[in-house]
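J.: Sequence and computational prediction follow.
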Amino acid sequence: YIEFYDVMPVNMAIALSGQFLLGQPVMVKPSEAEKNLVQSTTSVATGPAGVIGPYSGVARRLYVGNLHFNMTETDLQMVFEAFGQVELVQLPLDESGNCKGFDFVQFACLEDARNAQSLNGQLEIGGRTIK
């Protein structure tokens, strides 16, 4: 990811998409980080003053990396339900419909998310140690 201070260079960078770098075509596209952040914070309950607190979706949401490329949302739902109620599994897919190697899991309870996170580097799924 590259973050620019000004908007002007963004369009110039996007125009580089398809150009070759070290013999490989480069894909450049706008980040969806802002959209994803808004989605994750508006879809959870907020505190009495509308403030996101430690029990919000952001705190209960885990990034899971080093996944096998054949994983599905259903597979991951089943794996993480062992830790508690899973509210959401988001599994980004590549152009061919395969897992990109990471996902996001959101638990209903902060304690369940922490329990799952405590196994970082100790849990193997599909022959890979997840992070």
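T.: Nice, I can see it.

J.: Ramachandran coordinates for residue 22?
T.: In terms of degrees, to the nearest 10, the main-chain angles of residue 22 are phi 50, psi 40.

J.: count of residues packed around it?
T.: Other residues within reach of residue 22, judged by other C-beta atoms under 10 Å, total 5. Quick note: C-beta positions are derived from backbone N, CA and C, even for glycine.

J.: Okay, strands next: where are they in this structure?
T.: Secondary structure of the chain by DSSP state E: the strands cover 20-21, 24-25, 61-65, 86-90, 102-107, 124-125, 128-129.

J.: Is it possible to get CSV of those strands that adds mean neighbour count and mean pLDDT?
T.: What follows is those, written out as CSV (neighbours: other C-beta atoms under 10 Å; pLDDT from 0 to 100):
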stretch, mean neighbour count, mean pLDDT
strand 20-21, 8, 86
strand 24-25, 8, 85
strand 61-65, 16, 90
strand 86-90, 18, 92
strand 102-107, 21, 92
strand 124-125, 14, 86
strand 128-129, 13, 91
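
J.: Now render those strands as CSV, adding distance to residue 9.
T.: Putting the strands of the chain into CSV (distance: least, C-beta to C-beta, whole Å) gives the following:
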stretch, distance to residue 9
strand 20-21, 17
strand 24-25, 20
strand 61-65, 28
strand 86-90, 29
strand 102-107, 27
strand 124-125, 39
strand 128-129, 37
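
J.: Looking at strand pairing, list the partners for the residue nearest to the spatial centre of the chain.
T.: Nearest residue to the geometric centre of the chain (C-alpha atoms, centre = their mean): residue 104, 4.0 Å. The residues listed as beta-bridge partners of residue 104 by DSSP bridges are residue 63, residue 90.

J.: Might you report the residue contacts of it?
T.: With contacts defined as C-beta atoms under 8 Å, 6 or more residues apart in numbering, residue 104 is in contact with 61, 62, 63, 64, 88, 89, 90.
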